Each structure stands twice: as structure tokens, then as C-alpha cells.
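Asks: The following comprises the amino acid sequence and a computationally predicted model.
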Amino acid sequence: MSEELVFRYDVNGDDFTSAGQASVQVKRNLRQLGLDSDTIRRVSIAMYEGEINMVIHAGGGVAEVRVSEDCITIVLTDKGPGIKDIEKAMQEGYSTAPDEIRSLGFGAGMGLPNMKRHTDSIEIDSVLGVGTTITMKVNLG
Amino acid sequence: MKIKTMQELLDAKILCCEENVEKHVYSACGCDLMSDVLAYVKDQAVLLTGLVNTQVIRTAVMMDMLCIVFVRSKAPTEEMLKLARDTGIVIMTTEKRLYEACGLLYSNGLVGNKAKS
């Protein structure tokens, strides 16, 4: 494809039950584009973890997925409290999620490490009290 | 292992997508922590869990899993079954506990669990 394709979703922060809907939709869209299943899985897992994080910590936000010729870029933007210590947040097992989220199967400190694991690059731009933007890339081909 | 064989071994009840029980699974994951499930990608896997909420189904969708087994007679909601039907994931429920259910599948040959990354 010569032109960049952009998918944009509002992530509702009020309801943990509906978290992940955007990722399911992205997965469906990428499949329609005929991308290979490994790439689709990596993009959707990374985005899903990001979406869950936005709901748990930031009251929702906006997810944008851009598909260009050589890579897929996922940009997650929220107006949440920001990440206090990014280095710590990237460590497996470090979590600031409340207990009730743990009882739902998340909040074990694996979200950001999983996003890093499944993508080729991740950039976190966070300002306390202002919000966080996470940009992840998965290379194609 | 065929999904149908799993059902027989676990004496489980199938709740949706019965048309897919002839499919094969090559690895399994017994876990209540969805982030741990999302950490390691395996092909054609089954998830055994005691956790019941919509994120279990979405996690399985993200991972391209073929089947979810709810242990200890846990029953998914209709909303969860609908999500599973959308992607053809077989859902079953067994009276057995997680440890026993995993042990039965493992000892009958479903041992492939090699992480890709």
C-alpha cells in the first residue's frame, strides 16, 4: 500500500468490562488488510495491554493505529496522572494498580514489559498531572 | 490433541462453537493472570482458567487461542459466550480444578508449551 492507513478509537475509561474493544477491532481490520498472523498478534497484544492500562490508570484515552508500507505504529494518548517512574514501570512485576484490578486478572506489573516484548520499539512520553503518550512500532516484512 | 479429546478427558460441557471440536491444539496454558498469558505467544493453544470475565475471552482472542476451559464449574456469562462465538473459540466448563485439569491434559500428551519468544 502506498498511502498510510489510520484507525482511531476512543477508549472508554469508565468500564473495565469493555476494555479491549478497540484492540479486537484493530485485529479485525489488520486481518482484512491481509497482514501475517504473527504481526497482527504482536500489534493486538501490545495495543490490548496499552488499552487496559489506559482504563486502569488514566480514565481512558485515544488509540491510533497507523499502517504504512514498512511498519505499524500504535499511539496511545491519555490525560491521566502520568507515570512517576518509567524505569520502574518497565520492570516486570512492578505495579501501582489497585487490588480489585488484580482480582480481574491484570495489574501484575506485566503490561508495559509485554508491550515492549511484542513490539520493535516503544517510546514513553509522560508528564505528571498532564498525561502519557506511548508510541510503539512493529516493523513489517 | 483434539479439542474433543480434551472435552472427554476433562468430562467437560461445551458451551459454544461445538463445530470446532475437531481442531487440534498443540499447547496449553493454565493461568488466572491474563498478563502472564499475554507474555508468551504459543500457537494453537488452549487456556485453562478459573477467572471469569470478558477479559479472559479478549485475551484468548488476542492470542489466537482455539479453546478456553473454565475450571471448578465456573460459568461464563452470555456476553462472554457472544464474544467467543464472534471468533469461533470453543468454550467448555469442567468440574475439575485447575491443577487436576492441567495434569490430565499433560499426562495424556498435551505437553507442548514452548514459548516463541
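Replies: Good, I have the coordinates. Residues are numbered from 1 along each chain as shown, chains lettered A, B, ... in the order given.
Asks: Spatially nearest residue to the residue in chain B that chain A sits nearest to (excluding sequence neighbours)?
Replies: Using Cβ to the nearest Cβ, the single residue of chain B nearest to chain A is B:S35, 3.5 Å away. To be clear about C-beta, it is placed using only N, CA and C from the backbone, and glycine gets the same treatment. Leaving aside its chain neighbours, B:S35 sits nearest to A:M110 (3.5 Å; criterion: Cβ to Cβ, 6 or more residues apart in numbering or on different chains).
Asks: same question, A:L33
Replies: The nearest residue in space to A:L33 (Cβ to Cβ, 6+ apart) is A:V67, at 6.6 Å.
Asks: Phi and psi next, for that neighbour.
Replies: When read as degrees, to the nearest 10, the backbone of A:V67 gives phi -110, psi 110.
Asks: before we move on, the earlier item: isn't the residue of chain B closest to chain A up against A:F106?
Replies: Yes - the criterion here is Cβ atoms under 8 Å, and B:S35 meets it with A:F106 at 5.7 Å.
Asks: out of those two, which sits in the more crowded spot?
Replies: Neighbour tally, B:S35 and A:F106, criterion other Cβ atoms under 10 Å in any protein chain shown: the higher count belongs to A:F106, 26 against 21.
Asks: who touches that one in this structure?
Replies: A:I52, A:I56, A:A97, B:L33, B:M34, B:S35, B:Q55 (Cβ atoms under 8 Å, 6 or more residues apart in numbering or on different chains).
Asks: which pair in those residues spans the largest distance?
Replies: The span of the contacts of A:F106, defined through Cβ to Cβ, is set by A:I56 and B:L33 at 14.4 Å.
Asks: Same drill for the two, tell me which one is more crowded.
Replies: Shown here are A:I56 and B:L33; by other Cβ under 10 Å, A:I56 has more neighbours (22 against 17).
Asks: Mind giving me the packing neighbours of the helix or strand encompassing the more buried one?
Replies: Per DSSP states H and E: A:I56 is located in helix A:37-58. The contact analysis (3 or more Cβ pairs under 8 Å, 6 or more residues apart in numbering or on different chains; DSSP states H and E) places helix A:37-58 against strand A:5-12, helix A:21-32, strand A:60-67, strand A:71-78, helix A:111-117, strand A:131-139, helix B:34-39, helix B:54-62.
Asks: Do me a favour and average the pLDDT over that helix.
Replies: Averaged over helix A:37-58, pLDDT sits at 96.
Asks: center of chain A, which residue is that?
Replies: Geometric centre of chain A, nearest residue: A:G50, 2.5 Å, by Cα atoms, centre = their mean.
Asks: still on that earlier bit, between the helices and strands packed on helix A:37-58, which gets the lowest average pLDDT?
Replies: Among these, helix B:34-39 scores lowest, with a mean of 91.
Asks: so whichever helix or strand comes after that one versus helix B:54-62, what angle?
Replies: Toward the C-terminus, helix B:34-39 is succeeded by strand B:45-49 as the next helix or strand (DSSP H and E). Calculated by axes from the mean of the first three to the mean of the last three Cα atoms, to 10 degrees, strand B:45-49 forms an angle of 170 degrees with helix B:54-62.
Asks: Show me how far strand B:45-49 is from its chain's centre.
Replies: Here strand B:45-49 is found 3 Å from its chain centre; the criterion is Cα atoms, centre = their mean, to the nearest Å.
Asks: Which neighbours in the sheet does it have, and how are they oriented?
Replies: Strand pairing for strand B:45-49, using DSSP bridges, gives strand B:27-30 (parallel), strand B:67-70 (parallel).
Asks: Can you get me a residue count around the residue in chain A that chain B sits nearest to?
Replies: Relative to chain B, the nearest point of chain A is A:M110 (3.5 Å; Cβ to the nearest Cβ). A:M110 has 22 neighbouring residues, counting by other Cβ under 10 Å.
Asks: and if you look at A:S121?
Replies: Count around A:S121 with other Cβ under 10 Å applied: 12.
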